[in-house]
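**Q** 3D, please:
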Amino acid sequence: MSNKPFLLSTTDNPLNPFDDWVAWYFEDLRLGHDTCGLLARLASASDAIDDDAEIAAMRDVIRYNFSGKHIMVAQEDFGSNKTIN
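**A** Model (predicted):
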């Protein structure tokens, strides 16, 4: 489980990345998003990838959101069934 207050996801991935990141990740790849790869490309523009660089990269993904599907989610966005409501 992540200790971050927000994670990047997409509107078409119902899985909870806080509780089952591996299942969320494979669904993200199956949907053709590679959100982690996108985030890594943006965050690696900095010499050191730290929490601040990662958060800035997440904000950039949301700001430019070319797919129209990327969202930031919080743990409380998910019900007890571990999917986005």
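**Q** Can you show me the strands along the chain?
**A** 7-10, 70-73 (DSSP state E).
**Q** Who are the packing partners of the first one?
**A** Here strand 7-10 touches helix 21-30, helix 35-43, helix 51-64, strand 70-73, going by 3 or more CB pairs under 8 Å, 6 or more residues apart in numbering; DSSP states H and E. C-beta coordinates here come from the backbone N, C-alpha and C atoms, glycine included.
**Q** Run a quick neighbour tally on the closest residue to His33 other than its chain neighbours.
**A** Closest residue in space to His33, ignoring its immediate chain neighbours: Thr10 at 5.4 Å, by CB to CB, 6 or more residues apart in numbering. Counted with other CB atoms under 10 Å, residues neighbouring Thr10 total 20.
**Q** who does Thr10 bridge with?
**A** Thr10 has these beta-bridge partners by DSSP bridges: His70.
**Q** Next one: it relative to Asp52, how far apart?
**A** 23 Å (CB to CB, to the nearest Å).
**Q** Low-confidence stretches in the chain?
**A** Along the chain, segments meeting pLDDT under 70 span 1-4, 44-50, 80-85.
**Q** rerun that using 80 as the cut-off
**A** For the chain, the stretches flagged by pLDDT under 80 are 1-4, 42-54, 79-85.
**Q** any idea which residue sits dead centre in it?
**A** Geometric centre of the chain, nearest residue: Leu8, 2.0 Å, by CA atoms, centre = their mean.
**Q** who touches that one in this structure?
**A** Applying CB atoms under 8 Å, 6 or more residues apart in numbering, we find Leu8 in contact with Thr35, Leu39, Met58, Val61, Ile62, His70, Ile71, Met72, Val73.
**Q** tell me the contacts of Val73?
**A** With CB under 8 Å, 6+ apart, Val73 has these contacts: Phe6, Leu7, Leu8, Ser9, Pro17, Ile84.
**Q** Tell me the spacing between the nearest residue to the fourth one once chain neighbours are set aside and Phe6.
**A** Excluding the flanking residues, the one nearest Ser9 by CB to CB, 6+ apart is Val73, at 4.7 Å. When distance is defined by CB to CB, Val73 is 7 Å away from Phe6.
**Q** and if you look at Gly79?
**A** Per CB to CB, Gly79 is found 18 Å from Phe6.
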